[in-house]
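A.B. asks: Quick one: sequence and predicted model below, then my questions.
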Amino acid sequence: MVGRLVDWIAVNRDSIWVHWVHNNYLKGQDWMDYKPSMNSSWVWRRICKIKDKMVAGYANGKWNVQPDGYTPAGSYEWLRGGRPKVSWYKVVWNGWVIPKHQFMGWLIAHAALNTTSKLVGFGVDIENTCCICALAEETTEHLFCECAYSKRVVRERNGTMLQKGIQNAMMLSLIYQIWHQRNKCRNEQILLCPERVAKHIIEEMRARVRGRDRLQMNLADLEWLKKMNLFE
């Protein structure tokens, strides 16, 4: 956001503040080469520091990183460097997904979920058998894909954008609920039956659907929601 002030000075924007900066600080100096004096205010020195970070993005006094001119978002992407989009971003950062479920999906995408197999790898003295089925080592793959408990609710994601979004949201809700049940099973020796967990996922998704503008849903999506028992 401070970079926007840098850009205003660079293009000599028609504003009282920019004219004041040119008359009192720059005094005809090139803005990209300008260095503030030590007795300048902290705010002005900060603006100049940001300018020094951005100077490589200017040519002939104009911001050449974006064709339509400077924006804070564009400058941020330029400063952090180009990064390819990961394959899972549309699944996790999906507007239908509840934020706490998004965090769980993000942890799994980064292999950062503290399953017992990971804790044993860290040197923790703990039984690493799946506490739900007691049939295999508790890894992320086993807990969410191979365990008989998690296999009870599996959906193929296809259809319109809305349908895919809701299916992804339900998948992440399932992951969250399985992890929640795993923790209750390990810490409290309590485990809900899969039917109750599935019912809770449906209820959460119904609440999510109720909170959205139904006018944005077409007839096919509404029929699909009714078929999925997500729309009353």
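C.D. replies: Noted; the coordinates are in hand.

A.B. asks: any idea where the helices of the protein begin and end?
C.D. replies: 2-10, 16-21, 42-54, 72-80, 89-92, 99-109, 116-121, 140-141, 161-188, 194-210, 219-227 (DSSP state H).

A.B. asks: and residue 96, how many neighbours does it have?
C.D. replies: 19 (other C-beta atoms under 10 Å). (Each C-beta comes from the backbone N, C-alpha and C, glycine too.)

A.B. asks: is it true that it touches residue 163?
C.D. replies: No: if you go by C-beta atoms under 8 Å, residue 96 and residue 163 don't touch, sitting 10.1 Å apart.

A.B. asks: still on that earlier bit, I'd like the helices of the chain as TSV, with distance to residue 33, mean pLDDT and mean neighbour count appended.
C.D. replies: Below are the helices of the chain laid out as TSV (distance: least, C-beta to C-beta, whole Å; pLDDT from 0 to 100; neighbours: other C-beta atoms under 10 Å):
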stretch	distance to residue 33	mean pLDDT	mean neighbour count
helix 2-10	12	94	19
helix 16-21	15	95	13
helix 42-54	10	94	15
helix 72-80	20	89	14
helix 89-92	40	90	16
helix 99-109	43	94	17
helix 116-121	52	92	16
helix 140-141	53	93	14
helix 161-188	50	92	19
helix 194-210	54	90	15
helix 219-227	57	89	13
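
A.B. asks: Can you lay out those helices as JSON lines showing distance to residue 152?
C.D. replies: Formatted as JSON lines, the helices of the chain follow (distance: least, C-beta to C-beta, whole Å):
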{"stretch": "helix 2-10", "distance to residue 152": "52"}
{"stretch": "helix 16-21", "distance to residue 152": "63"}
{"stretch": "helix 42-54", "distance to residue 152": "53"}
{"stretch": "helix 72-80", "distance to residue 152": "42"}
{"stretch": "helix 89-92", "distance to residue 152": "21"}
{"stretch": "helix 99-109", "distance to residue 152": "18"}
{"stretch": "helix 116-121", "distance to residue 152": "21"}
{"stretch": "helix 140-141", "distance to residue 152": "17"}
{"stretch": "helix 161-188", "distance to residue 152": "10"}
{"stretch": "helix 194-210", "distance to residue 152": "4"}
{"stretch": "helix 219-227", "distance to residue 152": "20"}
